[in-house]
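Visitor: sequence and computational prediction follow.
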Amino acid sequence: MGRRDARVRFGLAAVTVFLTIILSSMALTPPVHTIRAALAPTKPPNPASTGVTFDYLVIILLENHNLCDIMIDCGGTASFMTSLANDYGVARGDRYCNVNPSLPNYLCLTGASDFGCSGYDGNPNSNACTAVAWNAPNIVDRLLASGLTWKAYMEDMPSNCYDQNSGNYAVRHNPFVYYNDIRSDATRCARVVPAGTSDATLLSDLSSTSTASNYMWLTPNKCNDMHSDCGSGNAIAAGDAYLWNLVPRILTSNVFTTQRAALFITFDEGYGQPIYTAWAGPVVKTGHSSTVGYTHFSLLATIESNWNLPPLNANDTNAANMSEFFSPSPFPRIVITSPTYNSLLTSSTVTVTGTAYDDVAVERVEVSTDGANWTQASGTASWSSSMVALKAGANATTIYARATDNSGNQKLVRVTVTTQPFVPGNPLPFALVIGIPIALVVAAVAVVAFLWRRRRTHERPPEREEP
């Protein structure tokens with residue numbers, strides 16, 4: 001009887017270990033993410049905020065690097081920013097405001113002048129040049145006069161419109177508090193706000209057209225804008241990683257997937273060479289590179305041309321606007337919402353989803369991984385293409401999507417994803433992937449039940465025979 005009990009106990013222990021291994025392996029298996037189709041986009045309304053090429057603009061300002069510190073093709077090291085510029089548009093001849101240090105360049109971007117602040121990085125209204133800027137007209141004046149909305153987001157700023165340095169918040173990177181009609185106006189000051197943890201305030205505003213402004217400005221803190229490495233040892237890598245996390249969330253926000261929106265990323269200053277300036281978003285051309293000699297005044301000229309605003313002075317009047325980066329109407333607009341830029345994919349296939357709209361009906365959406373062989377997606381306004389094959393053994397794959405409207409106009413977009421090596425071939429059918437673990441668990445439970453019943457049978461005392 002003792003040997004039998006020992007065998008039963010051993011069997012129960014073995015089955016328990018087996019079950020533990022099975023369940024643990026299932027728990028450790030990466031979850032399958034279900035991609036939900038995006039809501040069908042709506043055609044942009046036609047209020048005063050309607051621009052020639054975009055209705056919403058997000059500007060991100062970075063710090064202190066030349067173009068070729070960033071772009072890999074000319075010696076730089078920022079992989080995400082290089083990918084973004086190549087996928088959309090990059091201005092390779094942007095000479096910022098041809099002045100140093102930071103402050104005069106921020107003033108050029110918002111007031112169309114450095115106001116004589118070359119060599120100065122002080123606080124608002126603190127010397128002769130900032131006194132001139134203090135009473136000067138600025139881009140906010142032009143926006144409000146035309147019925148447009150605006151908002152500026154500052155990382156690590158302690159409170160609205162804060163005009164002193166604080167930790168990794170540098171007031172010289174916040175040009176809006178250098179103008180008296182913003183800093184001294186409570187209503188306008190309420191539009192210069194802390195960006196929130198991980199830029200949550202900006203991203204929340206981009207979730208709806210009721211909260212997004214036409215003109216949105218983001219100043220990252222000194223760790224994220226490449227000004228300082230903040231202990232990372234590599235300021236460019238840290239800033240590139242920051243954008244790798246933030247930019248896809250901007251481009252897949254509700255405003256960017258349903259409206260005519262544009263993202264503008266640039267640096268405040270360079271050092272004798274052009275700076276990195278990139279455009280991205282649904283209204284921006286793809287794969288566009290320019291060597292035109294733009295400056296910070298060109299951003300103002302582009303904004304003024306788009307919304308028909310009067311210029312601030314001769315600098316923005318005479319600057320070349322950057323209209324070459326935008327797809328001309330009536331081309332359809334299309335966005336890939338999933339996968340996002342630099343997504344890490346481990347499977348040989350992926351489901352691609354997105355949105356598309358046009359002034360006329362979108363006839364079809366097609367997807368490709370080589371730009372030559374196209375597969376029609378399911379749906380148009382909200383579309384998806386299942387089981388798109390990726391390149392085996394490649395470090396990266398570019399996924400293309402194009403929309404064609406009923407007039408034959410086309411718009412092409414693309415995202416580059418990172419791929420881990422995988423073995424080419426068809427994956428196991430879903431039924432087997434799920435069914436095998438379930439079958440093993442059921443079999444193990446049956447063994448446990450059998451052994452338990454057998455043990456109970458042997459432990460039951462023999463029945464007495466009637467005399």
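Guide: Great, that's in hand.

Visitor: strands along the stretch 101-250 of the chain, start to end?
Guide: 150-154, 192-194, 215-219 (DSSP state E, counting those that start in this stretch).

Visitor: got those strands as a markdown table, with mean pLDDT columns?
Guide: Below are those laid out as a markdown table (pLDDT from 0 to 100):
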| stretch | mean pLDDT |
| --- | --- |
| strand 150-154 | 98 |
| strand 192-194 | 98 |
| strand 215-219 | 98 |
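
Visitor: could you export those strands as a markdown table, including mean neighbour count and distance to Leu109?
Guide: In short, each C-beta sits where N, CA and C put it, glycine included. Formatted as a markdown table, these follow (neighbours: other C-beta atoms under 10 Å; distance: least, C-beta to C-beta, whole Å):
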| stretch | mean neighbour count | distance to Leu109 |
| --- | --- | --- |
| strand 150-154 | 23 | 12 |
| strand 192-194 | 20 | 15 |
| strand 215-219 | 24 | 9 |
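
Visitor: per-residue pLDDT, Tyr400?
Guide: You'll see Tyr400 listed with a pLDDT of 85.

Visitor: please apply the same query to Tyr178.
Guide: Taking Tyr178 on its own, its pLDDT is 98.

Visitor: can you check Asp5 too?
Guide: Looking at Asp5, its pLDDT stands at 55.

Visitor: how about the one 3 residues further on?
Guide: The per-residue pLDDT reported for Val8 equals 50.

Visitor: and Trp361, how many neighbours?
Guide: In this structure residue 361 is Ala, not Trp. Ala361 has 12 neighbouring residues, counting by other C-beta atoms under 10 Å.

Visitor: again with Ser323
Guide: 13.

Visitor: just Arg364 next, same as before
Guide: Should you count by other C-beta under 10 Å, Arg364 turns out to have 17 residues around it.

Visitor: likewise Trp279?
Guide: Residues near Trp279, counting by other C-beta under 10 Å: 26.

Visitor: can you confirm it is in a strand?
Guide: Yes: under DSSP: H, G, I helix; E, B strand; the rest coil, Trp279 falls within a strand.

Visitor: ok, it - contacts?
Guide: Residues near Trp279 by C-beta atoms under 8 Å, 6 or more residues apart in numbering: 88-91, 262-264, 322, 325-326.

Visitor: now, which of the residues you listed lie within strands?
Guide: Counting by DSSP state E, the contacts of Trp279 place 89-91, 262-264 in strands.

Visitor: pLDDT, distance to Asp69 and neighbour count added to those, as TSV?
Guide: Shown next, in TSV, are the ones in strands among the contacts of Trp279 (pLDDT from 0 to 100; distance: C-beta to C-beta, whole Å; neighbours: other C-beta atoms under 10 Å):
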residue	pLDDT	distance to Asp69	neighbour count
Gly89	97	19	24
Val90	98	14	27
Ala91	98	15	27
Ala262	98	24	26
Leu263	98	21	24
Phe264	98	19	23
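
Visitor: ok, the most centrally placed residue in the chain to Val417 distance?
Guide: For the chain, the residue sitting closest to the mean C-alpha position, by C-alpha atoms, centre = their mean, is Pro248 at 1.7 Å. The spacing between Pro248 and Val417, counted by C-beta to C-beta, to the nearest Å, is 11 Å.

Visitor: and the closest residue to Asn168 other than its chain neighbours, what does it touch?
Guide: Of all residues beyond its chain neighbours, the one nearest Asn168 is Asn221 (3.9 Å), with distances taken as C-beta to C-beta, 6 or more residues apart in numbering. By C-beta under 8 Å, 6+ apart, the contact set of Asn221 is 155-156, 167-169.

Visitor: save these as CSV, and put in neighbour count and distance to Arg364 too.
Guide: What follows is the contacts of Asn221, written out as CSV (neighbours: other C-beta atoms under 10 Å; distance: C-beta to C-beta, whole Å):
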residue, neighbour count, distance to Arg364
Glu155, 24, 42
Asp156, 18, 46
Gly167, 11, 52
Asn168, 17, 48
Tyr169, 20, 48
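
Visitor: how about those residues in a markdown table, adding distance to Tyr400?
Guide: Formatted as a markdown table, the contacts of Asn221 follow (distance: C-beta to C-beta, whole Å):
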| residue | distance to Tyr400 |
| --- | --- |
| Glu155 | 34 |
| Asp156 | 38 |
| Gly167 | 43 |
| Asn168 | 39 |
| Tyr169 | 40 |
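
Visitor: before we move on, the earlier item: okay if I get the strands of the stretch 101-250 of the chain as CSV plus distance to Leu103?
Guide: Converted to CSV, the strands of the stretch 101-250 of the chain look like this (distance: least, C-beta to C-beta, whole Å):
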stretch, distance to Leu103
strand 150-154, 15
strand 192-194, 16
strand 215-219, 13
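
Visitor: between these, which one is closest to Val352.
Guide: Of all those, strand 215-219 sits nearest to Val352, with 27.9 Å by C-beta to C-beta.

Visitor: next, the angle from the closest one to strand 150-154.
Guide: Relative orientation of strand 215-219 and strand 150-154, computed by axes from the mean of the first three to the mean of the last three C-alpha atoms, to 10 degrees: 10 degrees.

Visitor: sheet-wise, list the partners of strand 215-219 with their directions.
Guide: Partner strands for strand 215-219, per DSSP bridges, with pairing direction: strand 56-62 (parallel), strand 150-154 (parallel).
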